[in-house]
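K.L.:
A structural model of the following input is requested.
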Amino acid sequence: MTVKCDISFIIVSHNSAKTLRGSIESCLMAVETYNSSQARVVVYDNASSDDSPKIINEFAQKYPDTFIGIQGIRNLGFARGNNQAVAASPSREYVLVNPDVIFKPETIKYLQNTLYSAPDIAIVCPKLLHLDRTPQKSIRRFPTFTYLFLKHFVGEKFLRLIYTFDYYYAEMPQPEKAVEINWGIGAFMMISGDYIAKYGLFDERFFLYFEDVSLCVDAWQNGYRVLYQPQASALHLYRQASTSSKFNYLTFIHIISALKFFAKYRPYQIQWQVISWLIKVTPVWRSHELGLRS
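P.N.:
The predicted structure is shown next:
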């Protein structure tokens, strides 16, 4: 029987060798604040073709009691990769860490104190910063179909002129303490192990994108809360690969995931049922070439 540890740091990598080592080292520095038998770092690699497997093996050999490296034979996607990693290390709490995120150990204490401040808190998100220490737009309101449609096809600059929607909490004053939010991006978040044991982590219908939105929607619908803790922060190399241009493969995946999201939460509308069926039978080409969301 697998012994449940206090905390597991979860990283899913795919061709992330340029930044992966820094993320793993951040997690291991945080682990040093715990007894090695009470904390784990789990890295699931989605069949990388760069040096990611080599880096993972190095850490597995150096930290055999703390580090778990899992080499996938194919790219399962972000949601399934995280689910596989979580299953490998039952814990009281989990910290999901993108392979392009670095943080200081004290960040974890802020997140923990917030997570355990009330029994109905399932997810806590920190402040994410660019490398120049400016805040990222990492906390957001639940999207509407109209907003996402216009964002993809007319662009955000023009969108702000024709469709008023405070998607990025732009009108909210910068909070000084933990506040409730709709959702935060899955690049870095702490999640209750009890919640995951009851309801699971990510919906594996989302290969990439929107699994974090869906996770937070489900948490709210299950009677739990999602909080943003600005006293905790992390650096995130945010590439926005799916929105760097209007037409690329990741944009296509982003749109497909958005349609799946609306189909999931609006099943009573026949148009969404049809879209959901079409997505289900549509092949996802070249999925092995996809990288992580960032």
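K.L.:
spell out, range by range, the strands that occur in the stretch 101-250 of the chain.
P.N.:
Assigned by DSSP state E, counting those that start in this stretch, the strands in the stretch 101-250 of the chain fall at 101-102, 121-129, 139-140, 179-180, 183-184, 188-192, 225-236.
K.L.:
how about CSV for those, with mean pLDDT and mean neighbour count added?
P.N.:
(C-beta placed from N, C-alpha, C; glycine too.) Shown next, in CSV, are those (pLDDT from 0 to 100; neighbours: other Cβ atoms under 10 Å):
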stretch, mean pLDDT, mean neighbour count
strand 101-102, 98, 22
strand 121-129, 98, 24
strand 139-140, 97, 21
strand 179-180, 98, 12
strand 183-184, 98, 24
strand 188-192, 98, 25
strand 225-236, 98, 21
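K.L.:
mind checking which of these is nearest residue 217?
P.N.:
Checking these against residue 217 by Cβ to Cβ gives strand 183-184 as the closest, at 7.2 Å.
K.L.:
parallel or antiparallel, list what pairs with that closest one.
P.N.:
Strand pairing for strand 183-184, using DSSP bridges, gives strand 139-140 (antiparallel).
K.L.:
and the contacts of the strand it pairs with?
P.N.:
Strand 139-140 is contacted from outside by 125, 167, 168, 169, 181, 182, 183, 184, 185, 228, using Cβ atoms under 8 Å, 6 or more residues apart in numbering.
K.L.:
mind checking how far the third one is from residue 146?
P.N.:
Translated: residue 168. Look at residue 168 and residue 146: by Cβ to Cβ, to the nearest Å, they are 16 Å apart.
K.L.:
how about the last one?
P.N.:
Between residue 228 and residue 146 the computed distance is 25 Å (Cβ to Cβ).
K.L.:
now the first one
P.N.:
Between residue 125 and residue 146 the distance is 25 Å, computed by Cβ to Cβ.
K.L.:
do the same with the second one
P.N.:
Counting by Cβ to Cβ, the separation of residue 167 from residue 146 is 11 Å.
K.L.:
more crowded one of these two?
P.N.:
residue 167 (19 against 11; other Cβ atoms under 10 Å).
K.L.:
then residue 8 would be within a strand, right?
P.N.:
Yes. Assessed by DSSP: H, G, I helix; E, B strand; the rest coil, residue 8 belongs to a strand.
K.L.:
ok, now which ones touch it?
P.N.:
By Cβ under 8 Å, 6+ apart, the contact list for residue 8 reads 39, 40, 41, 42, 85, 86, 89, 91, 93, 94, 95.
K.L.:
out of these, which are inside helices?
P.N.:
In this view, the contacts of residue 8 that belong to helices under DSSP state H are 85, 86.
K.L.:
if you rank the contacts of residue 8 by neighbours, which is first?
P.N.:
Neighbour max across the contacts of residue 8 (other Cβ under 10 Å) = residue 41, 28 neighbours.
K.L.:
now the stretch 1-150 of the chain, which segments are flagged as low pLDDT?
P.N.:
Scanning the stretch 1-150 of the chain for pLDDT under 70 picks out the ranges 1-3, 35-36.
K.L.:
packing partners for whichever helix in the chain runs longest?
P.N.:
Longest helix in the chain, counting residues (DSSP H): helix 249-265. Counting contacts by 3 or more Cβ pairs under 8 Å, 6 or more residues apart in numbering; DSSP states H and E, helix 249-265 is packed against helix 145-154, helix 211-221, helix 270-281.
K.L.:
now the first one: buried residues?
P.N.:
Think helix 145-154. 147, 148, 150, 151, 152 (16 or more other Cβ atoms under 10 Å).
K.L.:
tilt between that helix and helix 249-265?
P.N.:
Angle, helix 145-154 to helix 249-265, by axes from the mean of the first three to the mean of the last three Cα atoms, to 10 degrees: 170 degrees.
K.L.:
distance of residue 221 from residue 182?
P.N.:
Distance, residue 221 to residue 182, by Cβ to Cβ: 12 Å.
K.L.:
more neighbours, the two?
P.N.:
residue 182 (17 against 10).
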